[in-house]
Every structure is written in structure tokens, then in C-alpha cells.
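Q: coords please:
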Amino acid sequence: MKRNIMITGGAGFIGNHVIRRFVNNYPDYHVINVDKLTYAGNLANLSDLENNSNYTFIKLDICDFELLLDVFKTYNVDGVIHLAAESHVDRSIKDPFTFAKTNVMGTLSLLQAAKACWEGEWEGKRFYHISTDEVYGALPFDGTMFSEKTKYDPHSPYSASKASSDHFVRAFHDTFGMPTIISNCSNNYGPCQFPEKLIPLFIHNICHGNPLPIYGKGENVRDWLYVEDHARAIDLIFHEGKVAETYNIGGFNEWKNIDLIKIIIKTVDKILGNPEGFSDHLITYVTDRAGHDLRYAIDSTKLKNELGWEPSLQFEEGIEKTVKWYLDHQEWMDNVTSGEYEKYYELMYKS
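A: Numbering: from 1, shown residues only. I've put the predicted structure just below:
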């Protein structure tokens, strides 16, 4: 194989799209998918790749340094794309210890394993860390956007853990010379997203006539990016991005939560053949969560100017594709929401 690329968190939402892209587009790469298979990891997302000769799955907790080091040595890993992370803000508020362990110590474990195997031979190596726009904090409603120069100002345990991992990645470049690179991305949406996240959750709830809980007044603003556009950006940055640089990946696509939800309702009702406004009554306003940032907006001009990347889909087109995917994959959704897939993995990968 030309390269041996470890992709962490490959059974997750963004990870499975990145895995598929690399396996299919680079047949001379050996892609090693390392995933702990937590509740958000689902190998059904990658069932079509199981028999590919250039793909290997390894069930592994990235916090287990010795096992991780063994994988680096066994497969002669020369590139890392690090996606594995706890990422749900509400869960981080209830259990910050898990987020610190996985997102901070797990990243440090990866960095140490890479350093042990690569030190002194950095040529042709790359450690690419995927982060989030949430490390930058919040923006006012004044048109400003997060740039790569924006000061870090995390407000939740999740964003604090990701900010810490970013600092460790940069420190390994500055201290040891490791060829690292970081990208910070806005909210993703698309197929295979675990239904605790807003868009798949609300599609599921609309289909079952369940309430659509909206924090506060629904005025929080997020920038949304179709997941396959993110995977395309990751591919480009991994191969052509400059070492020690940071690249912001955004959709230039800001939506208030309430307006986003109305578009989802309209799209689902239309596809299901319901009259317009049929599911509007499901909207339910709930108490805002602690530390809820008001607005995020990513400026990905640097990525466009230096590497030529920009989003390929208009939001309405991406939402329609996403809704159709979930409606066409009700069995996948029922399997995930019931937790049946986790029972299967417990039997298959006893540890």
C-alpha cells in the first residue's frame, strides 16, 4: 500500500463518510478504522466496505496507549485523521469527566503513539486533528465570523475539552516538530447522524408525531454544512494543507434554530404528503440549556483561497436529501433508537 492511514471514530457520523471517501477514492491506501463503538458508533454505516482489501476495522479505545501503540507499529501508520470524540453538549454538561478523558487524554494518547513511532522521521507523516467551531465561543448578531485568528473562548465542557485537545496538537508541533494540522468545522448534517442531534431527532419526531423541543425562543444561530462537503474538505486538507496551519470549514449558511426547524417540518410534511403546516403544532419551547452560545458563524475564506474548497450544496437541497435518506432508512433509524445495534456489538466484540 502507498500509505497506511489511521482514521479514528470512523464508525461515527462524520467518520463513516470520511472512511468511505478514502477507501473508495484511494485504493492504494490502507485505511485503518479505529473506533471504540460507543453509543454513537455504528458499523452498519460501513457494512458495504467490510470486504474491501484496503480497509481494516479495529475496536479500540484511543485512551488505551499500549494497544494504540501496537496498532501504529503493526500497520506502520504514517497518517492520522483524528475524528474520535465525545461531541454532544448536553451530555458534556451531565458528565464532563468522560469528555475530558476521551477528547483530551485520548488525543494525547494518539499524539504520544505517533511521536513514539515517527520521531526523527517526520517526512511523509501527518497528524490531522478535527475540531469544532465551538472552541471560539459565541458571536454577537453583528455579521462577524470566526476566523483562524479568533481567540479561543469555550463555554461548555465539550468545547473546553476540544479546545484543550487543539492546544495539545499545536504543542506537539511546536515542541517536537510533529507535522500536525487542525481544522475547525461548523455544524454538520446529513445521513447516518445519531438521532440525539437536532436534525435527525426532529425528522424522527415529526414522523412519529412527537414534540419538537426548542431551547429558549429558538433564536440561537448555527452555521450548517452538509457532511459530504466536510469529508471532501478533510480529504483536501489532509493531502494539500500546510503543516502547522489551521483551516476553518463552514457552510456560509447561518440559520436560527426556529427557522431551521420550520424548514425541516415543511420538508418532511411535503415528502410524507401531509398538508403544509400539518406538524407545526409539535413545536415545543423548553428551558434554555446552561452555557448555550447564541451564534456561531465560520469564515472559510482561507480554505477557499488556499485550497479551492467551497460547499457544493444549497441548504434547502441538502436538507431535502437528508430528510429523504432518513425516511428511506427507517429500519436504520429504528435500530439506532432502540439500541439493538449496541447489543449486537457487545456480543461481537467482547472485551
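Q: gap between residue 35 and residue 15?
A: Separation of residue 35 from residue 15 (CB to CB, to the nearest Å) stands at 7 Å. Every residue, glycine included, has its C-beta placed from N, CA and C.
Q: any shared contact partners between those two?
A: Residues touching both residue 35 and residue 15 (CB atoms under 8 Å, 6 or more residues apart in numbering): 8-9, 84.
Q: out of those residues, who's nearest residue 128?
A: residue 8 (10.5 Å; CB to CB).
Q: Without its sequence neighbours, what residue ends up closest to that closest one?
A: residue 84 (3.7 Å; CB to CB, 6 or more residues apart in numbering).
Q: Could you look up the SS state of the one you found?
A: For residue 84, the assignment made with DSSP: H, G, I helix; E, B strand; the rest coil gives coil.
Q: ok, now how distant is residue 105 from residue 7?
A: Residue 105 is 19 Å from residue 7, by CB to CB.
Q: who has more neighbours, those two?
A: Shown here are residue 105 and residue 7; by other CB atoms under 10 Å, residue 7 has more neighbours (27 against 17).
Q: which secondary structure element contains the more buried one?
A: Applying DSSP states H and E as the criterion places residue 7 in strand 3-8.
Q: likewise residue 21?
A: helix 13-25.
Q: list the helices and strands the helix or strand just after that helix packs on?
A: Note on helix 13-25: by DSSP H and E, the next helix or strand toward the C-terminus is strand 29-35. On a contact count with 3 or more CB pairs under 8 Å, 6 or more residues apart in numbering; DSSP states H and E, strand 29-35 meets strand 3-8, helix 13-25, strand 55-59, helix 65-75.
Q: Would you state the helices of the protein in chain order?
A: Listed in chain order, the helices found in the chain under DSSP state H are 13-25, 65-75, 89-94, 96-99, 106-118, 157-176, 198-208, 227-240, 257-272, 301-307, 315-328, 330-338, 340-348.
Q: Return the set of buried residues in stretch 136-156.
A: For stretch 136-156, burial by neighbour count (16 or more other CB atoms under 10 Å) applies to 136-139, 145-146, 148, 150, 154-156.
Q: Taking these together, which two end up most distant?
A: Taking CB to CB, no two of the buried residues of stretch 136-156 sit farther apart than 148 and 156, at 21.2 Å.
Q: returning to what we had before: what inclination does the helix holding residue 21 have with respect to helix 227-240?
A: 60 degrees (axes from the mean of the first three to the mean of the last three CA atoms, to 10 degrees).
Q: any idea of the angle helix 13-25 forms with helix 198-208?
A: Using the same axes, to 10 degrees: helix 13-25 against helix 198-208 is 100 degrees.
Q: for the helices and strands packed on strand 29-35, which one sits closest to residue 318?
A: Among those, helix 13-25 sits nearest to residue 318 (CB to CB), with 13.2 Å.
Q: State the mean pLDDT of that closest one.
A: The average of the pLDDT scores along helix 13-25 is 98.
Q: what does stretch 255-272 give?
A: 97.
Q: can you put the helices and strands packed on strand 29-35 in TSV and add distance to residue 256?
A: Converted to TSV, the helices and strands packed on strand 29-35 look like this (distance: least, CB to CB, whole Å):
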stretch	distance to residue 256
strand 3-8	33
helix 13-25	23
strand 55-59	39
helix 65-75	42
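Q: what's the closest of the ones you listed to residue 312?
A: Across the helices and strands packed on strand 29-35, closest to residue 312 is helix 13-25 (CB to CB), at 13.5 Å.
Q: List the buried residues in the closest one.
A: 13-23.
Q: do stretch 304-321 as well
A: 307, 309, 311, 313, 315, 318-320.
Q: First-to-last residue distance for stretch 217-235?
A: 38 Å (CA to CA, to the nearest Å).
Q: which parts of that stretch are buried?
A: Quick answer for stretch 217-235 (16+ other CB under 10 Å): 218, 220-235.
Q: give me the number of residues near residue 334?
A: 11.
Q: Quickly note the distance from it to residue 207.
A: Applying CB to CB to residue 334 and residue 207 gives a distance of 11 Å.
Q: could you redo the helices of the chain as TSV and give each row distance to residue 190?
A: Formatted as TSV, the helices of the chain follow (distance: least, CB to CB, whole Å):
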stretch	distance to residue 190
helix 13-25	7
helix 65-75	29
helix 89-94	19
helix 96-99	24
helix 106-118	25
helix 157-176	20
helix 198-208	8
helix 227-240	4
helix 257-272	13
helix 301-307	19
helix 315-328	5
helix 330-338	13
helix 340-348	19
